[in-house]
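1. my questions concern the predicted model and sequence given below.
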Amino acid sequence: MPVVFVHGVGNHDEHEVREAERLRRRLFARNLLPAIGADPEHGVLLFPWWGQAGAVPRWGRVCYPDAADSLGTAEDESLLQELAAAEPPPDGRTKNVILDTARTSVADAVDLLYSALDPEACDDAELDELAALAVPLADYSEKYRRYDPNDPFWAGIGDDLDLITALVETGPDTGPEMDTLGADHSLREKARGRLLQAAATLKTALVAPPTRLTAGGLRRLTGTPVYDYLGDVFKYLTLRGTPDHPGEIVRIVLDDLRKAADAGPAGEPLVVVAHSMGGNIVYDIASHFHPELEIDVLVTIGSQPGLFAEFSAFHGVPEDLPRPGHGLVPALANVRSWINVVDRSDILCYSAEPVFDGVKDLRYESGALWAHSAYFKQPNFHARLAKHVREATA
């Protein structure tokens with residue numbers, strides 16, 4: 001049973017793409033492959049890299065508005081800037097961000113830890129262990145959703161170190177061995193160390209002076225991602241080609257979709273997980289470039305098919321919609337089930353259910369500052385995604 005993951009915009013550096021893929025592949029293997037009945041060790045996982053054909057800014061993003069002369073005076077500052085420059089109250093800072101988060105939601109604490117992990121700093125064995133831990137930690141956080149002082153689990157937990165140690169050492173067993181993963185205590189200790197490093201990173205970020213959430217601060221946070229999003233969208237729409245002569249990006253993704261469709265035994269489902277711009281590319285392929293392709297479950301995450309359809313950017317969407325009695329784009333006959341994951345914190349994420357027939361919007365709150373790239377590192381996201389895909393393929 002093959003699974004294809006189609007990435008989003010800005011993935012132009014192959015080394016960075018493959019490094020991000022290392023942990024993602026393991027988390028998919030531990031969660032999504034078993035959910036569809038596939039072997040977690042030998043199931044087919046394909047990650048087409050279309051970023052090699054994406055847009056590269058010819059002048060290196062020089063039109064980013066950093067150094068322009070002021071239309072007013074240098075002393076002019078808005079009230080918003082003045083408020084943002086004020087120091088926060090001392091009690092607004094925390095030394096134990098993971099424990100403080102866990103007292104409200106253990107699931108959020110686990111996801112926060114994994115979101116701050118640095119996969120490039122981990123070797124393959126450490127990533128195996130972290131991926132294996134992610135499964136029981138997601139189960140554990142469902143069981144211990146809220147802090148309960150009467151629960152023996154919380155006895156003696158006074159800081160982040162105590163909590164992370166308790167989660168790693170007393171959590172459920174990680175299950176069957178995979179590849180080099182075993183019960184090696186030293187490996188478990190290394191994984192604990194990586195989670196402690198993640199907690200330290202979060203602590204530094206929150207104890208440091210706060211980010212200036214002015215318009216300029218928001219632009220600094222989103223500047224490069226928005227640049228890359230617009231650039232890749234412009235290039236894709238301009239050069240996507242036709243069904244007879246598809247553009248390079250369409251060919252790269254379609255080749256792996258066909259390979260996946262041919263890889264599984266007859267009757268086994270094809271699951272496609274598409275992030276951001278990847279969702280638009282897959283919808284374009286399924287509706288226009290290759291409508292013969294049968295997809296059992298399509299999952300779009302932090303994606304924009306609804307936005308693209310509203311502005312008539314898809315060839316497969318009737319131009320006379322909406323009209324009285326016909327307000328939705330017809331469901332794709334070659335897609336058995338379509339799930340669209342929406343995070344309201346993700347500024348590049350849009351609903352699809354109000355626009356398309358045959359799609360279900362599901363809300364997921366990543367809780368991340370830059371939510372658009374946080375989904376695929378969070379254990380609870382993978383656990384919940386696997387649950388819904390399992391139900392869709394039943």
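-> Arrived safely.

2. which parts of this structure are helices?
-> Taking DSSP state H as the test, the helices found in the chain are 14-35, 79-85, 97-102, 106-115, 124-143, 160-170, 185-207, 215-239, 248-263, 277-284, 305-310, 379-393.

3. what's the closest of those helices to V317?
-> Set against V317 and scored by CB to CB, the helices of the chain come closest in helix 305-310, at 4.9 Å. Where you see a C-beta, it was placed from the backbone N, CA and C, and this is true even at glycine.

4. which residue is the nearest non-sequential neighbour of K259?
-> Leaving out its chain neighbours, the residue that sits closest to K259 by CB to CB, 6 or more residues apart in numbering is L46, at 6.5 Å.

5. likewise G43?
-> Spatial nearest neighbour of G43, chain neighbours left out: L33 (4.1 Å); criterion: CB to CB, 6+ apart.

6. follow-up on the earlier one: can I get the helices of the chain in CSV including mean pLDDT and mean neighbour count?
-> Shown next, in CSV, are the helices of the chain (pLDDT from 0 to 100; neighbours: other CB atoms under 10 Å):
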stretch, mean pLDDT, mean neighbour count
helix 14-35, 93, 19
helix 79-85, 41, 12
helix 97-102, 86, 23
helix 106-115, 88, 25
helix 124-143, 88, 21
helix 160-170, 84, 18
helix 185-207, 79, 16
helix 215-239, 72, 16
helix 248-263, 94, 18
helix 277-284, 97, 27
helix 305-310, 94, 22
helix 379-393, 93, 20
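
7. would you list those helices in CSV and tack on distance to S373?
-> Output for the helices of the chain, formatted as CSV (distance: least, CB to CB, whole Å):
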stretch, distance to S373
helix 14-35, 9
helix 79-85, 24
helix 97-102, 20
helix 106-115, 9
helix 124-143, 17
helix 160-170, 23
helix 185-207, 15
helix 215-239, 8
helix 248-263, 20
helix 277-284, 13
helix 305-310, 19
helix 379-393, 12
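
8. which one, of those helices, ends up nearest to V271?
-> Here helix 379-393 is closest among the helices of the chain (CB to CB), at 6.1 Å.

9. identify the residues contacting that closest one?
-> The contact list for helix 379-393 (CB atoms under 8 Å, 6 or more residues apart in numbering) reads 27-28, 30-32, 34-37, 107, 110-111, 114, 134-135, 137-139, 141-142, 269, 271, 273, 296-297, 299, 336-337, 339, 341, 362, 364, 366, 375-376.

10. right, and the residue nearest to G43 touches H42 too?
-> No. L33 is beyond contact range of H42, at 9.1 Å (criterion: CB atoms under 8 Å).

11. can you read off the backbone torsions of D118?
-> Backbone torsions for D118, taken as degrees, to the nearest 10, come to phi -110, psi 90.

12. spit out the contact partners of it.
-> R194, Q197, A198, T201.

13. just checking, the last one touches L113?
-> When you say that, I think you mean T201. No. Contact between T201 and L113 fails when scored by CB under 8 Å: they sit 9.8 Å apart.

14. so who does the residue nearest to G43 touch?
-> Neighbouring residues of L33 by CB under 8 Å, 6+ apart: M1, V3, D39, P40, G43, L45.

15. closest one to H15 out of the contacts of D118, please.
-> The closest of those to H15 turns out to be R194 (CB to CB; 20.4 Å).

16. isn't the closest one up against D123?
-> No. R194 is not in contact with D123 according to CB under 8 Å; the separation is 10.3 Å.

17. which one among the contacts of L33 gets closest to D159?
-> P40 (34.5 Å).

18. the closest one contacts A29, doesn't it?
-> Yes. Contact criterion CB under 8 Å: P40 and A29 qualify, at 4.6 Å.

19. circling back: so which of the helices of the chain gets nearest A352?
-> A352 lies closest, by CB to CB, to one member of these: helix 305-310, at 4.4 Å.

20. and that closest one, C-alpha only, in CSV?
-> Extracted in CSV, the C-alpha atoms of helix 305-310 (Å, rounded to 0.1, in the frame of the first residue of the first chain):
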residue,chain,number,x,y,z
PRO,A,305,-7.3,24.4,-3.4
GLY,A,306,-10.3,26.4,-2.1
LEU,A,307,-8.5,29.7,-2.7
PHE,A,308,-7.3,28.6,-6.2
ALA,A,309,-10.8,27.5,-7.1
GLU,A,310,-12.3,30.7,-6.0
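
21. so what's V6 closest to, chain neighbours aside?
-> Closest residue to V6 apart from its sequence neighbours, by CB to CB, 6+ apart: G278 at 3.4 Å.

22. name all residues that make contact with the one you found.
-> G278 neighbours (CB under 8 Å, 6+ apart): F5, V6, H7, G8, W50, V253, T300, S303.

23. cool, and V233?
-> Contacts of V233 (CB under 8 Å, 6+ apart): V9, M277.

24. run the last query once more with 10 Å
-> Applying CB atoms under 10 Å, 6 or more residues apart in numbering, one finds that V233 lies in contact with V9, G54, A55, M277, N280, Q304, F308, A313.

25. all good on my end, thank you.
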